[in-house]
Structures are given as C-alpha cells and as structure tokens.
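Participant: Any chance you can model this:
(one chain, ligands or ions: 1)
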Amino acid sequence: MTQNIQREEDIKALVDGLNFKEKVDRALSLIGNAYDAFGARLVVAHSLGKDSCVVWDLAKRISPHIKGFIVATRFWPETTRQFMRETVERYPELKIFENDEALPDDLHQGDPDRCCEILKVVPTREAIEELNVGCWVTGLRCTEGRTRTDFKEIEERDIGLVKLNPILLFKEREIWQYLALYKVDTNPLYKMGYRSLGCGPCSQISTDDNERAGRWVGTSKCGGECGIHTRPLKRDYQI
Ligand code: SF4
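Facilitator: Okay, the predicted model is just below:
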C-alpha cells in the first residue's frame, strides 16, 4: 500500500468539495484497499466516540471479520462503560485494553500529558503489538480542532505501522448524517450536549466552534490530544 502525498490545502479542498456520498465512498474505498493489503493485520481503534462508531460501521461493511481494539481508562464515565459493554457484546471481535497500574488520583490535573501517556498511549502500544497490527484505522477528522489539521488519510508516522484515517474529510455534521442515515448506535452522553468524549474529569460540554474545546479545560492541554495520534506507538520506543 503506497502512502499518498497530500498537502493541507488539498485536504481542505476535499473537505469542502466532496459531498456526503463521495466521502462515504472514498472512506469505504480506503478501508477496502487497506484490508486487501493487510488482511487480518488491519485493525480498527475504537474509542466508542461518534467518529469511531462511523469508522467501525464502515469497516464492518467491508468485512465482518475486521477486528478492533478499545483502550478504556478507569476515569471513563459509567455511561461510556455501559456503552462499551453493549458494543463488545455485539462485536466480540473488539478487544479491550486497559492499564491498571497505580498512579496519583489527581495526576490528570497536575500532569495530564503523563496521565494520558500511562492510561491511553501505553495500552495503545500494547494493543498494536499484541494484535500484530500492520495498519490501524482511526476516526480522526481534520476539522475537529486546531491540533488535527496536518494529518493525512494514509500515514506512516511509526516505521512499519500504517495509520489510516478514512473519515479525515468528514465534517461534524456529516458524522451525524452518517449515524442517523445508517442507524448506528452512539454513546448516550451525546444527548446531554457533549461533542467530544473522553475521560470524565477531562471532558466538558462546550459550545465553542472548536469541537474539542471541552477536552482538558483549565489545563495546558485544553482542546488538545491524548497522545495516541502524536506519540510513537511502536513498543521499541522507550518513554
Ligand atoms: S483524559 Fe484525563 S483522566 Fe483520561 S488519561 Fe488523559 S489526563 Fe488522564
């Protein structure tokens, strides 16, 4: 599978230039081509957020055999845990990874980067290694916020690990359009007004233009990233 060369302006033109169906067809084609190339080594990273629900549904349309993993944390709201149980009951091919090592309860306030590294990035590395992933599929979108504008649909940030972002071009509205039209279940927390979900202490309801503005409010990480899209993921990397 060859890495495509996409410039930020090309991506922006596609975000505004393609219609909903063209974006869905493009995403299906990206996943289908990657599945042809990687087979069982193509694995979906399912965060249980709305974007992951779209990617998972698209992947299941390509093949019911495609597997996935969920990185859960001890700080997830019970509603998200319940949604995870229901999702895994329906799709047992989703494997849960969770780091239960001890850490200070308030680490997320004092050092959220470290907290995310331990609870999110480390188990993601474990998943990639244990599942022998050659290509991981994410729900990342370039219009979600300031930290997501420089990604490509096909990337290889870690050598030997392809990252596929098949819904990179979808706008927030098109995500909800897909979920409604294809009747895909979502986390009930969205009904309360959340637009971007994560751990309970680090997620707030926000009406800001930036979709991720409710994440890590009051810290230097506000509206930012947990690290799975920005940190090295191959296990030979030492923290
Ligand atoms: S989102 Fe917050 S609680 Fe969750 S791992 Fe990151 S810093 Fe810790």
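Participant: and residue 158, what pLDDT?
Facilitator: Note on residue 158: pLDDT of 88.
Participant: show me where the protein has helices.
Facilitator: Secondary structure of the chain (DSSP state H): helices located at 8-17, 20-38, 50-62, 78-90, 107-110, 112-116, 122-130, 172-181.
Participant: Would you format those as a markdown table with distance to residue 138 included?
Facilitator: For the C-beta atoms, the positions are set from N, CA and C on the backbone; glycine is no exception. Formatted as a markdown table, the helices of the chain follow (distance: least, C-beta to C-beta, whole Å):
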| stretch | distance to residue 138 |
| --- | --- |
| helix 8-17 | 15 |
| helix 20-38 | 11 |
| helix 50-62 | 7 |
| helix 78-90 | 17 |
| helix 107-110 | 23 |
| helix 112-116 | 16 |
| helix 122-130 | 10 |
| helix 172-181 | 14 |
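Participant: In a markdown table, list the ones you listed along with mean pLDDT and distance to residue 150.
Facilitator: Shown next, in a markdown table, are those (pLDDT from 0 to 100; distance: least, C-beta to C-beta, whole Å):
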| stretch | mean pLDDT | distance to residue 150 |
| --- | --- | --- |
| helix 8-17 | 90 | 6 |
| helix 20-38 | 98 | 18 |
| helix 50-62 | 98 | 18 |
| helix 78-90 | 98 | 28 |
| helix 107-110 | 89 | 26 |
| helix 112-116 | 92 | 19 |
| helix 122-130 | 96 | 20 |
| helix 172-181 | 98 | 19 |
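Participant: Can I get the ones you listed in JSON lines including mean neighbour count and distance to residue 146?
Facilitator: Shown next, in JSON lines, are the helices of the chain (neighbours: other C-beta atoms under 10 Å; distance: least, C-beta to C-beta, whole Å):
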{"stretch": "helix 8-17", "mean neighbour count": "13", "distance to residue 146": "13"}
{"stretch": "helix 20-38", "mean neighbour count": "17", "distance to residue 146": "22"}
{"stretch": "helix 50-62", "mean neighbour count": "22", "distance to residue 146": "17"}
{"stretch": "helix 78-90", "mean neighbour count": "15", "distance to residue 146": "25"}
{"stretch": "helix 107-110", "mean neighbour count": "16", "distance to residue 146": "21"}
{"stretch": "helix 112-116", "mean neighbour count": "21", "distance to residue 146": "17"}
{"stretch": "helix 122-130", "mean neighbour count": "19", "distance to residue 146": "22"}
{"stretch": "helix 172-181", "mean neighbour count": "16", "distance to residue 146": "15"}
